[in-house]
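Colleague: Compute the structure for the input listed below.
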Amino acid sequence: MDEMTATVANFAPIILMLLIFYFLLYRPQKKAQEERTRMLDSLKVGNRVITVGGIFGKIVSLTDEIVTLKIADNVEIEVARASINGVAESKNVTD
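Modeller: Presented below is the predicted three-dimensional model:
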């Protein structure tokens, strides 16, 4: 029995490190990824968004892969849907 206890005691720090890794790194990252996926899935025409490059625009059309943004009068750009960083507060800048 003493040998079994010693073996478990040797693996305890490794198990503890794995648990710490899970709760401090993996779990929060997974939650953030799920939240980002929900945000991208909820995009709709008319939303004011910001891209990862810092460009603000209003969605005028979107597909599964491409979002068309109006960034100024008579100026529209196409960006990858994955490059949308978030939904911005609505302003009448691009109307």
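Colleague: Pick out the residue nearest the middle of this protein.
Modeller: Nearest to the mean C-alpha position of the chain, by CA atoms, centre = their mean, lies residue 36 at 3.1 Å.
Colleague: how close does it get to residue 72?
Modeller: 27 Å (CB to CB, to the nearest Å). Bear in mind the C-beta positions are built from the backbone N, C-alpha and C, glycine included.
Colleague: Next, give phi and psi for the residue nearest to the centre of the chain.
Modeller: Reported as degrees, to the nearest 10, the phi and psi values for residue 36 are phi -60, psi -40.
Colleague: Also the one 10 residues further on?
Modeller: The main-chain torsion angles of residue 46 are listed as degrees, to the nearest 10 and equal phi 100, psi -20.
Colleague: Pull up the per-residue confidence for it.
Modeller: Looking at residue 46, its pLDDT stands at 94.
Colleague: so it sits right up against residue 58, yeah?
Modeller: Yes. Under the criterion of CB atoms under 8 Å, residue 46 makes contact with residue 58 at 6.8 Å.
Colleague: Comparing the two, which residue is more hemmed in?
Modeller: A side-by-side neighbour count of residue 46 and residue 58, using other CB atoms under 10 Å, places residue 58 first with 21 against 9.
Colleague: Give the bridge partners for that one, please.
Modeller: Residues in a beta bridge with residue 58, per DSSP bridges, are residue 48, residue 70.
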